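Engineer: I need the structure of the sequence given here:
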Amino acid sequence: MKHKILKYDVVFEEQIGGGYTVTVPSLSGCISEGDTFEEAKTNIEEAITAYLESIAKDGKEIPQSDSDIFIGQVTVQNPLIQ
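Structural biologist: Next comes the predicted model:
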């Protein structure tokens, strides 16, 4: 059985004490965490799958996946600050 691939935007927030908290803006209440970025990524993938399975079990419509646009972060040097 072939499964449809869905893409959802996720937000990784680095925590002061270490680790990451991850949320999915288009899936209200879908949240996870991990000690490393990779662990957080794996955990949110599992959380999304469980979230979608729960929605389907309740007979609700699966939210559409997000667009191909995503937010990233870049680091630049500021020549005005020493």
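Engineer: And the strands in the chain, which stretches?
Structural biologist: 11-14, 20-23, 31-34 (DSSP state E).
Engineer: Now those strands in CSV, please, with extra columns for distance to Lys57, mean pLDDT and mean neighbour count.
Structural biologist: Bear in mind the C-beta positions are built from the backbone N, C-alpha and C, glycine included. Below are the strands of the chain laid out as CSV (distance: least, CB to CB, whole Å; pLDDT from 0 to 100; neighbours: other CB atoms under 10 Å):
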stretch, distance to Lys57, mean pLDDT, mean neighbour count
strand 11-14, 26, 93, 12
strand 20-23, 22, 96, 19
strand 31-34, 20, 98, 18
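Engineer: Tell me if I'm right that Ser10 and Thr23 touch.
Structural biologist: Actually, residue 10 is Val rather than Ser. Yes. With contact defined as CB atoms under 8 Å, Val10 reaches Thr23; the gap is 6.9 Å.
Engineer: shaky segments in the protein?
Structural biologist: 1, 66-71, 82 (pLDDT under 70).
Engineer: So which residue is smack in the middle of it?
Structural biologist: Residue closest to the mean C-alpha point of the chain, counted by CA atoms, centre = their mean, is Val10 at 2.6 Å.
Engineer: ok, now which ones touch that one?
Structural biologist: Contacts for Val10 (CB atoms under 8 Å, 6 or more residues apart in numbering) come out as 22-24, 44.
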